[in-house]
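Colleague: My questions are about this predicted structure, shown below with the sequence.
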Amino acid sequence: MIEQVQNYIQQNKDRFLEELKEILRIPSISADPAYKDDIQRTAQVIMGHLQKAGLDLAEIHQTAGHPIVYAEKIISKDLPTILVYGHYDVQPPDPLNLWESGPFEPVVKNTEIHPQGAIFARGSCDDKGQVFMHIKAVEAMLNSDALPCNVKFMIEGEEEVGSNNLETFCRENKEKLSSDVILVSDTSIIANDVPSITVGLRGLSYVEVEVTGPNRDLHSGVYGGGVANPINILSTMIASLMDENNHITIPGFYDDVEVLDQEDRTEMNKAPFDVEHYKKDLNIGDVHGEKGFTTLERTSIRPTLDVNGIWGGYIGEGAKTVLPSQAFAKISMRLVPNQNSDKITQLFEEHFKSIAPDSVKVKVKPHHGGEPVVTPTNTPEYKAAHQAMLSTFGKAPIPQRGGGSIPIVALFEEVLEVKTVLMGFGLDSDDIHSPNEHFGLFNFYKGIETIPYYFYNYAELKKG
């Protein structure tokens, strides 16, 4: 059976790629209301592909925000059910001038890392390309009459803005979404010749801060030196959030941080990592981060604080001698096991307001957050992924903690009471959230080839 499935995949590779390009051409930017119609159109196209793949039910559920696409193929109530989760919304493509080709004009180009070609477009890796792998893998199984267990899809349009309506949908549709495991491809592997499975994710606290000085913009010559400049103040406040060891200075921030012992840290650092290649790829003179930890540790098991955007005053062409009334910044904090996003957000707000001088007023607006998660490696769910990658890559995957956040993983465990397997196929170098995002054709096809093995392995392991 698996041979027929793989033959179908090989015979339809070109079509799969052209269909992916169709989806990538739609600018489904969830953060910008101007693209609301494009979000709806993407949901319709995704639903159409699920129907064509052969699922019995495919439907769109409208929410208070963007729609969720749901589909299912139930063979037998006696068989296990895999729920595939993904998202079709994408990050804004800015800055546009840094794209080598249009962000919504997908093109395939060869690169040093992807000599077989990579498809360049916003959403190619995060997460349209990886979602589409699952749709095509299920299509291949259904067209070969070889689907070994039940499958459900839940594909949302708000992941990039915090999945604000997903919890409500899950709670209201718990029975519809009942399953034995949730399979997610929104993560990466170490390298194309070093497969890996993500077994941990950091949580997230995301805030926007506003610093207000005078009640209007002022002439910097007439008032400069006598009135607080909100940009100067904001810059000083942000700089104080880290000490000389790049340790976050917010009181209580580290109180609940899980501290791994030296044995675990040693094992973690056995993962392939070339710091010189890392620096060359990013064109940086040296790595940077919390003192006492390696780059692999800093980007996975340690919490962070980063300014994601900062603005205020005059930023147009030429000069304008203005002392601005306001300054703003967006700040994200990645969290590790035992930290709680609501608690960290509250600690940040209290501290940030406390360090502001009386010459300005400060507001802190929480955006979205999520909890960190670690998944076990001794379950049938994980073992099925391990064996699947071993079959297609020819070597055992390495369990690895990821540095990113997928807040819904903790939500699924709480609301749906189901564990999640994070079997992604992207690379960290694929520039997700950045200009020139891309997804290797090797990775795209390898995902489609691997997913059926997961279904077969899981069905067999659940029998035992």
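Modeller: Alright, I've got the coordinates.
Colleague: Buried ones in the longest helix along the chain, by neighbour count?
Modeller: If you go by DSSP state H, the chain has its longest helix at helix 441-463. Using 16 or more other CB atoms under 10 Å as the test for burial, helix 441-463 gives 441-459, 462. Every residue, glycine included, has its C-beta placed from N, CA and C.
Colleague: Compute the first-to-last residue distance for stretch 317-331.
Modeller: 27 Å (CA to CA, to the nearest Å).
Colleague: Residues contacting that stretch, please?
Modeller: 206-221, 223-224, 227, 229-231, 233-234, 238, 305-314, 348, 367 (CB atoms under 8 Å, 6 or more residues apart in numbering).
Colleague: Taking those, please make a ChimeraX selection of just the buried ones.
Modeller: Here is the ChimeraX selection string for the buried members of the contacts of stretch 317-331, based on 16+ other CB under 10 Å:
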select :206,207,209,210,211,212,213,214,217,218,220,223,227,229,230,231,233,234,238,305,312,313,348,367
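Colleague: Now, the contacts of stretch 317-331 that are in strands?
Modeller: 206-212, 218-219, 305-312, 367 (DSSP state E).
Colleague: where in this protein is pLDDT low?
Modeller: Counting by pLDDT under 70, the chain has low-confidence residues at 464.
Colleague: Would you map out the domains in it?
Modeller: 2-201+372-463, 203-257+303-370 (automatic domain parsing).
Colleague: and the end-to-end length of the last one?
Modeller: With CA to CA as the measure, domain 203-257+303-370 spans 5 Å from end to end.
Colleague: For burial, what's the neighbour tally of Lys44?
Modeller: For residue 44 the amino acid is Gln, not Lys. 13 (other CB atoms under 10 Å).
Colleague: Just the helices from the stretch 201-350 of the chain, written as ranges.
Modeller: With DSSP state H, counting those that start in this stretch as the criterion, the stretch 201-350 of the chain has helices at 220-223, 230-239, 262-268, 275-282, 295-298, 341-354.
Colleague: Show me how far the longest helix of the chain is from its chain's centre.
Modeller: Distance of helix 441-463 from the chain centroid (CA atoms, centre = their mean, to the nearest Å) equals 21 Å.
Colleague: Summarise which helices and strands it is packed against.
Modeller: helix 2-11, helix 13-24, strand 81-87, strand 118-120, helix 128-143, strand 181-184, helix 380-393 (3 or more CB pairs under 8 Å, 6 or more residues apart in numbering; DSSP states H and E).
Colleague: So Thr450 sits against Ser391, correct?
Modeller: Yes: between Thr450 and Ser391 a contact is recorded at 7.4 Å, counting by CB atoms under 8 Å.
Colleague: Spit out the residues that contact those two alike.
Modeller: Counting by CB under 8 Å, 6+ apart, Thr450 and Ser391 have no contacts in common.
Colleague: Now do Lys291 against Ile344, distance only.
Modeller: 21 Å (CB to CB, to the nearest Å).
Colleague: An error on my part: the question was meant for Ile9.
Modeller: 44 Å.
Colleague: okay, the two: which has more neighbours?
Modeller: Set Ile9 next to Ile344 and count neighbours by other CB under 10 Å: Ile344 wins out with 24 against 21.
Colleague: So what's the residue count around the nearest residue in space to that one that is not next to it in sequence?
Modeller: In this structure, Ile344 finds its nearest non-sequential neighbour in Ser205, 4.5 Å apart by CB to CB, 6 or more residues apart in numbering. When neighbours are counted by other CB under 10 Å, Ser205 registers 27.
Colleague: Identify the bridge partners of Ser205.
Modeller: With DSSP bridges as the criterion, Ser205 is bridged to Met333, Gly369.
Colleague: ok, now which ones touch it?
Modeller: 332-333, 335, 341, 344-345, 348, 366, 369.
Colleague: Identify the farthest-apart pair in these.
Modeller: Leu335 and Pro366 (13.8 Å; CB to CB).
Colleague: Among those two, which residue is more densely surrounded?
Modeller: Comparing Leu335 with Pro366 by other CB under 10 Å, the one with more neighbours is Leu335, at 26 against 15.
Colleague: Nearest residue to the more buried one in space, please, no chain neighbours.
Modeller: Here the residue nearest Leu335, using CB to CB, 6+ apart, is Gly203, at 3.5 Å.
Colleague: The one you found touches Val409, doesn't it?
Modeller: No: judged on CB under 8 Å, Gly203 makes no contact with Val409 at a distance of 9.8 Å.
Colleague: what do the two both touch?
Modeller: Common neighbours of Gly203 and Val409 (criterion: CB under 8 Å, 6+ apart): Val373.
Colleague: Could I get the full set of strands for the stretch 51-200 of the chain?
Modeller: 57-61, 68-73, 81-87, 107-109, 118-120, 150-156, 181-184, 188-189, 196-201 (DSSP state E, counting those that start in this stretch).
Colleague: With distance to Arg265 and mean neighbour count as added columns, please give the ones you listed in a markdown table.
Modeller: Formatted as a markdown table, the strands of the stretch 51-200 of the chain follow (distance: least, CB to CB, whole Å; neighbours: other CB atoms under 10 Å):
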| stretch | distance to Arg265 | mean neighbour count |
| --- | --- | --- |
| strand 57-61 | 44 | 16 |
| strand 68-73 | 39 | 23 |
| strand 81-87 | 31 | 25 |
| strand 107-109 | 38 | 14 |
| strand 118-120 | 33 | 25 |
| strand 150-156 | 35 | 25 |
| strand 181-184 | 26 | 23 |
| strand 188-189 | 21 | 25 |
| strand 196-201 | 14 | 24 |
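Colleague: okay, those in a markdown table with distance to Asp243 next?
Modeller: Formatted as a markdown table, the entries for those read as follows, by distance: least, CB to CB, whole Å:
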| stretch | distance to Asp243 |
| --- | --- |
| strand 57-61 | 47 |
| strand 68-73 | 43 |
| strand 81-87 | 37 |
| strand 107-109 | 43 |
| strand 118-120 | 40 |
| strand 150-156 | 39 |
| strand 181-184 | 36 |
| strand 188-189 | 31 |
| strand 196-201 | 26 |
